[in-house]
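Participant: next comes the sequence, and after it the predicted model I'd like to discuss.
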Amino acid sequence: MACRISELILDCADPERLAAFWCEVLGYVELGREDDGSIEIGPPGAGFGGPQPTLILSPSTTPRAGKLPLHIDVNPTDRDQDAELRRLLALGARPADVGQTGTENWHVLVDPEGNEFCLLNRRIQPV
């Protein structure tokens, strides 16, 4: 075996707000806070080192220039894509236009700070 992704770090203006958003989206819980204001969230009962990576929302005052070179893809686990899209929009996600043709089977969204992520079509089993 080689390496495995254990954490994803996202610089953000408001770690509290994004931690709450992503906890709701992913069913994660807060795992810890650092003195610098970073908040780590992850799967309940597993945390760091579990089967899914944790997210660290790290405070930053540096403005982001342009599109992030990496984005998150999510899949619904307990409902179809349309129902999940409605849930994500109610949580504060917004549709994003990155040049889609309209024939894609995924939705491009942004979180409350404008970070792009995609809602894919296929339902997968929760971990």
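Facilitator: Yep, it's here. Predicted, not measured: the structure shown is a model, and the values here were computed from it. Residues are numbered from 1 along each chain as shown.
Participant: all contacts plus neighbour counts: C-alpha atoms, from now on.
Facilitator: Will do.
Participant: ok, now which ones touch the residue nearest the centre of the chain?
Facilitator: Nearest residue to the geometric centre of the chain (CA atoms, centre = their mean): residue 22, 5.1 Å. By CA atoms under 8 Å, 6 or more residues apart in numbering, residue 22 lies in contact with residue 28.
Participant: then it would be within a helix, right?
Facilitator: Yes. Under DSSP: H, G, I helix; E, B strand; the rest coil, residue 22 sits within a helix.
Participant: roughly how far apart are it and residue 30?
Facilitator: Per CA to CA, to the nearest Å, residue 22 is found 10 Å from residue 30.
Participant: what does residue 119 give?
Facilitator: Taking CA to CA as the measure, residue 119 falls 23 Å from residue 30.
Participant: okay, now the domains of the protein?
Facilitator: As assigned by automatic domain parsing, the chain contains the domains 1-60, 71-127.
Participant: can you list the ones you listed in TSV and add mean pLDDT?
Facilitator: Output for the domains of the chain, formatted as TSV (pLDDT from 0 to 100):
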stretch	mean pLDDT
domain 1-60	92
domain 71-127	92
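Participant: could you report the neighbour count for residue 63?
Facilitator: Residue neighbour count, defined by other CA atoms under 10 Å, stands at 9 for residue 63.
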